[in-house]
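Colleague: Provided below are the primary sequence and the corresponding predicted coordinates.
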Amino acid sequence: AQKVTQAQTEISVVEKEDVTLDCVYETRDTTYYLFWYKQPPSGELVFLIRRNSFDEQNEISGRYSWNFQKSTSSFNFTITASQVVDSAVYFCALSEGNFGNEKLTFGTGTRLTIIP
Amino acid sequence: DAGVIQSPRHEVTEMGQEVTLRCKPISGHDYLFWYRQTMMRGLELLIYFNNNVPIDDSGMPEDRFSAKMPNASFSTLKIQPSEPRDSAVYFCASSLERGIGTDTQYFGPGTRLTVL
């Protein structure tokens, strides 16, 4: 069975600080997919990134970066120079790679508050 | 391009009433998902469809819940009769089948259901 753990329930940082959100996953599959979603106070779920298990290269998108390490089953998310607009709940999710199996397992989320 | 559309955005009803939630997926997407989000259980998948056919409904809590997808552009989630414990935010999501593994799910804005 697959599982996603986001051990940090809540994090608060002062604006402009860097912050890392942790995600640890469990799966028996060798092919799988990892996702991050953002849920701002308005409530919608916004897609941020999708990675497959064969691509361990770190990714950077503006102030956002992701560190994927299969050795530790982690897919951590870092926000550099945080801004108030980054305040949201962030979810990590996992899906097995079997074709046709589209089920996503979500972590419990990390509530990030950026203090101005 | 329009995203996933859900209606109503808010629904308040009394226990025992029938509730119908509606979803229009992104045009051309092959998969449609219904999720429920509560504080206690987080984000959980209820059911998903592929090409209008239900694939996995193991997350549907009980017989009071039913979902249909009569065509590629419309789906409903019905609760009859509703109970206070059904109060939650219900999300619809859709994704494209590209045959390269689990693709990204794009979420609608959600329907906040309150059952009194």
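Modeller: Everything's here; your move. Residues are numbered from 1 along each chain as shown, chains lettered A, B, ... in the order given.
Colleague: elements contacting the helix or strand of chain A with the lowest mean pLDDT?
Modeller: Counting by mean pLDDT, DSSP states H and E, the weakest-scoring helix or strand in chain A turns out to be strand A:59-61, with a mean of 89. Judged by 3 or more C-beta pairs under 8 Å, 6 or more residues apart in numbering or on different chains; DSSP states H and E, strand A:59-61 is in contact with strand A:46-52, strand A:64-69. Just so you know, the C-beta spots here come from the backbone N, C-alpha and C atoms, and that holds for glycine as well.
Colleague: can I get the ones you listed in CSV with distance to chain B?
Modeller: Below are the helices and strands packed on strand A:59-61 laid out as CSV (distance: least, C-beta to the nearest C-beta, whole Å):
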stretch, distance to chain B
strand A:46-52, 5
strand A:64-69, 15
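Colleague: ok, residue 16 - contacts?
Modeller: Assuming you mean chain A. A:K16 sits next to A:81-83 when contact means C-beta atoms under 8 Å, 6 or more residues apart in numbering or on different chains.
Colleague: you looked at the wrong chain, it should be chain B
Modeller: B:81-82.
Colleague: got TSV for the helices and strands packed on strand A:59-61, with mean pLDDT and mean neighbour count too?
Modeller: TSV is the format used below for the helices and strands packed on strand A:59-61 (pLDDT from 0 to 100; neighbours: other C-beta atoms under 10 Å in any protein chain shown):
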stretch	mean pLDDT	mean neighbour count
strand A:46-52	92	16
strand A:64-69	95	17
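Colleague: for B:A88, which of those strands is the nearest?
Modeller: strand A:46-52 (19.5 Å; C-beta to C-beta).
Colleague: give me the contact list for the closest one.
Modeller: So strand A:46-52 is contacted by A:31-40, A:59, A:61, A:64, A:66, A:68, A:75, A:77, A:90, A:97, B:101, B:103-107 (C-beta under 8 Å, 6+ apart).
Colleague: that one pairs with which strands, and in what direction?
Modeller: Strand pairing for strand A:46-52, using DSSP bridges, gives strand A:32-39 (antiparallel).
Colleague: off-centre distance for the partner strand?
Modeller: The chain centre lies 5 Å from the centre of strand A:32-39; the measure is C-alpha atoms, centre = their mean, to the nearest Å.
Colleague: in space, what's closest to the most centrally placed residue in chain B - neighbours in sequence excluded?
Modeller: Among the residues of chain B, the one closest to the centroid is B:W34, at 2.8 Å (C-alpha atoms, centre = their mean). Computed as C-beta to C-beta, 6 or more residues apart in numbering or on different chains, the closest residue to B:W34 that is not its neighbour in sequence is B:L46, at 4.4 Å.
Colleague: ok so the one you found is a strand residue?
Modeller: Yes. Assessed with DSSP: H, G, I helix; E, B strand; the rest coil, B:L46 lies in a strand.
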